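Engineer: can't give you the sequence, but here's the structure:
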Ligand code: MOS
């Protein structure tokens with residue numbers, strides 16, 4: 001039996017109860033669709049006032065004048081915060097003071113570094129008055145030319161990419177690999193700026209009570225962010241309560257602190273009233289991160305047999321003029337295809353945008369787009385079926401580290417998705433298929449890969465004498481279903497049916513649930529919840545074993561199992577005792593267990609840990625108008641133990657639809673003269689609607705991963721976008737014979 005105190009150390013797969021594995025619907029679904037779920041902006045504390053920030057309309061230069069007097073004269077306006085009167089911050093917002101902090105907009109001075117940058121905040125009795133006040137500021141600028149295109153930016157060698165990843169990597173002898181190759185292909189791909197557009201824009205309600213701060217704001221890393229806010233204001237962390245029970249999407253942009261949140265807290269301090277600040281949709285295009293644009297070159301060297309001899313991936317990615325977040329796109333080539341030589345490099349380009357950041361599968365999304373297009377082109381050069389080519393380069397061990405995989409059921413993913421899709425009927429040459437309406441039909445595929453990290457997480461489980469339990473962790477439900485999947489794991493941890501378990505989550509007053517990012521939330525917070533339950537059960541078993549009135553008296557070494565509110569002797573199922581009886585006899589009203597999510601460091605040392613998948617896509621293209629439709633996508637994914645197949649499927653299909661969005665729709669367009677975003681709304685910034693994604697299927701492939709963590713859980717949140725972009729581009733080639741060189745794929749590229 002695994003040690004419940006340290007299940008990860010056992011190397012065994014922990015058994016879960018019957019709550020896990022059920023396709024439960026979202027437990028918070030009814031509250032959300034009936035409008036009773038309180039999102040951050042729904043909070044209206046007594047005395048609430050409204051803040052609106054004015055955004056710069058130039059992309060570079062200085063603010064020379066703000067008509068503060070005109071704004072102040074507005075009858076509803078209470079206060080105007082500018083660099084001249086902004087209250088002090090204990091941490092310099094220009095500093096990177098921890099790994100997840102970026103240089104933050106906090107009205108530090110009159111410098112403008114990108115269009116849309118906050119330059120002043122107007123606080124008023126009503127949203128309308130604050131909005132009008134911000135308009136009345138009518139700023140004047142001394143402006144410098146915007147540097148927005150890649151050609152206008154300054155290139156540099158970044159010290160790191162993503163969040164602290166290495167910028168360059170080399171294995172083996174690339175030059176030798178290339179010269180030994182029978183064929184070398186070179187694929188060039190560009191990807192655009194993509195802007196975060198979660199359904200719920202960033203919002204905050206901030207209230208000071210002396211030196212206590214209460215925040216309602218959507219957040220993917222609740223306790224970490226609470227701690228950072230406390231540092232900004234030099235108050236003890238326990239003086240800050242950050243509540244984030246519901247998020248209308250996060251996707252990475254709500255994992256960190258962004259300037260507008262700080263500004264609202266500063267405004268609340270200034271006016272000594274609770275302040276609400278909600279970003280307008282257009283304000284999402286600037287100060288709250290985005291995905292940087294990339295230019296990528298992938299060179300592949302192959303033997304005539306199709307085996308890779310060299311893989312060279314160079315990604316140039318945009319960042320801001322004042323901070324470094326380089327989309328780690330080339331790193332997508334580290335862990336997927338076996339090649340004796342691999343080199344990946346990154347170059348940064350400073351342009352006048354806000355700083356990019358994590359956006360669903362940062363790096364893997366754009367990097368796998370280039371890699372999968374390159375693999376398709378190489379397969380064509382060899383005259384091989386694209387799936388066969390990938391199988392010939394199947395990595396039995398991690399190409400970058402040489403480690404064995406903790407588990408890798410990618411062959412099953414290929415086989416199941418290909419069979420379901422009907423891939424075997426695909427003609428090798430492009431332009432061979434037409435549908436009954438005469439549309440060009442193409443089929444393409446891509447491989448999906450995403451790492452399986454874990455974040456430190458803690459949880460508490462309280463058994464109550466009435467046979468129920470309260471379990472807690474400061475987790476974040478961004479819509480992915482954490483409230484449901486985590487509660488399922490927690491209920492199994494305490495051996496109770498889920499309706500006997502009260503699950504508390506979404507507040508910094510709970511134990512740190514870690515980060516709902518990196519597709520690591522279920523593994524991290526779930527592991528902690530399960531361990532906390534195990535700790536409570538262990539204590540309960542000790543009490544029963546020592547109680548002469550318990551049927552479990554003296555069970556010492558034989559151990560017990562917990563299910564449905566009873567402890568059973570492991571060696572004699574007829575001897576059991578209920579939690580309630582044990583606690584009542586012991587005079588306990590409740591019993592508390594604690595636990596943390598853990599991965600055995602020895603496993604981390606020895607094994608490479610990834611979720612895998614494969615996506616097959618069908619496109620239909622009008623032969624005259626070149627309008628592209630993705631008519632069918634089938635993906636199959638192996639991600640360890642699936643806690644809730646319904647929610648996991650929804651995450652995976654959601655990821656695939658974002659892949660479709662990347663391939664055909666999303667693009668932040670800036671005016672090269674002014675540097676302003678030209679499509680800063682959901683009419684101009686295109687994302688797919690249902691009609692754009694008529695058939696999307698995700699198959700869950702069985703995979704037991706005994707090493708990734710005690711519960712064998714990997715992530716499903718981000719992997720769906722990887723592979724899909726390339727699959728669609730490859731299908732477009734298969735329909736038309738035209739190779740894609742830039743995303744999103746525009747009609748004119750096919751003419
Ligand atoms: Mo995600 S981009 O790790 O929140």
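Structural biologist: Right, received. Where do you want to start? Predicted model, so just to flag it, every value in this text is computed and none were measured.
Engineer: ok, residue 594 - how many residues close by?
Structural biologist: Using other C-beta atoms under 10 Å, residue 594 has 15 neighbouring residues. The C-beta positions use only the backbone N, C-alpha and C, and glycine is treated the same way.
Engineer: secondary structure class of it, three-state.
Structural biologist: Per DSSP: H, G, I helix; E, B strand; the rest coil, the secondary structure class of residue 594 is strand.
Engineer: ok, it touching residue 460?
Structural biologist: Yes - shown here, residue 594 and residue 460 form a contact pair, counting by C-beta atoms under 8 Å, at 5.4 Å.
Engineer: what residues are shared contacts of these two?
Structural biologist: Taking C-beta atoms under 8 Å, 6 or more residues apart in numbering as the contact rule, residue 594 and residue 460 both touch 511, 532.
Engineer: just for the chain, where's the confidence low?
Structural biologist: Low-confidence segments of the chain (pLDDT under 70): 1-13.
Engineer: which residue does the stretch 401-550 of the chain bring closest to the ligand?
Structural biologist: residue 517 (3.2 Å; C-beta to the nearest ligand atom).
Engineer: where exactly do the strands run in the stretch 251-400 of the chain?
Structural biologist: 275-278, 290-291, 294-302, 308-319, 342-350 (DSSP state E, counting those that start in this stretch).
Engineer: which one of those strands has the most crowded surroundings?
Structural biologist: strand 290-291 (a mean of 29; mean count of other C-beta atoms under 10 Å).
Engineer: and that strand with the ligand, contact?
Structural biologist: No - figure legend: strand 290-291 not in contact with the ligand (C-beta under 6 Å from any ligand atom); closest approach 9.2 Å.
Engineer: sheet-wise, list the partners of that strand with their directions.
Structural biologist: strand 194-195 (antiparallel) (DSSP bridges).
Engineer: what residues does the strand it pairs with touch?
Structural biologist: 284, 285, 290, 291, 359, 662, 666, 667, 668, 677, 680, 685.
Engineer: need the longest helix for the chain.
Structural biologist: As assigned by DSSP state H, the longest helix anywhere in the chain is helix 521-545.
Engineer: and that one, how far from the chain's centre?
Structural biologist: Relative to its chain's centre, helix 521-545 lies at 27 Å (C-alpha atoms, centre = their mean, to the nearest Å).
Engineer: next structured bit after it?
Structural biologist: For helix 521-545, the following helix or strand on the C-terminal side (DSSP states H and E) is strand 560-563.
Engineer: nearest residue to residue 588 other than its sequence neighbours?
Structural biologist: Leaving aside its sequence neighbours, residue 588 sits nearest to residue 465 (C-beta to C-beta, 6 or more residues apart in numbering; 6.3 Å).
Engineer: before we move on, what about residue 396?
Structural biologist: Excluding its sequence neighbours, the residue lying closest to residue 396 (C-beta to C-beta, 6+ apart) is residue 338, at 7.1 Å.
Engineer: count the residues that sit near the spatially closest residue to residue 112 that is not a sequence neighbour.
Structural biologist: Spatial nearest neighbour of residue 112, excluding adjacent residues (C-beta to C-beta, 6+ apart): residue 56 at 4.4 Å. By other C-beta under 10 Å, 25 other residues sit near residue 56.
Engineer: contacts only, for the residue in the chain that the ligand sits nearest to.
Structural biologist: The minimum distance from the chain to the ligand, using C-beta to the nearest ligand atom, falls at residue 252 (2.7 Å). Shown in contact with residue 252 (C-beta under 8 Å, 6+ apart): 196, 220, 289, 357, 358, 359, 360, 362, 517.
Engineer: any chance of those in JSON lines, with neighbour count too?
Structural biologist: Output for these, formatted as JSON lines (neighbours: other C-beta atoms under 10 Å):
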{"residue": "196", "neighbour count": "25"}
{"residue": "220", "neighbour count": "27"}
{"residue": "289", "neighbour count": "26"}
{"residue": "357", "neighbour count": "25"}
{"residue": "358", "neighbour count": "26"}
{"residue": "359", "neighbour count": "23"}
{"residue": "360", "neighbour count": "26"}
{"residue": "362", "neighbour count": "29"}
{"residue": "517", "neighbour count": "28"}
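Engineer: from the residues you listed, pick the one nearest residue 43.
Structural biologist: residue 220 (18.7 Å; C-beta to C-beta).
Engineer: spell out which residues of the stretch 301-450 of the chain are next to the ligand.
Structural biologist: So far as C-beta under 6 Å from any ligand atom goes, the stretch 301-450 of the chain lies against the ligand at 358, 359, 360, 362.
Engineer: restricted to helices, list those residues.
Structural biologist: Among those, no member lies in helices (by DSSP H).
Engineer: of these, which is the nearest to residue 542?
Structural biologist: residue 358 (43.7 Å).
Engineer: quick check: closest non-adjacent residue to the closest one.
Structural biologist: Nearest non-adjacent residue to residue 358 (C-beta to C-beta, 6+ apart): residue 252, at 3.2 Å.
Engineer: just residue 531 next, same as before
Structural biologist: Nearest one to residue 531, counting by C-beta to C-beta, 6+ apart, is residue 595 at 2.7 Å.
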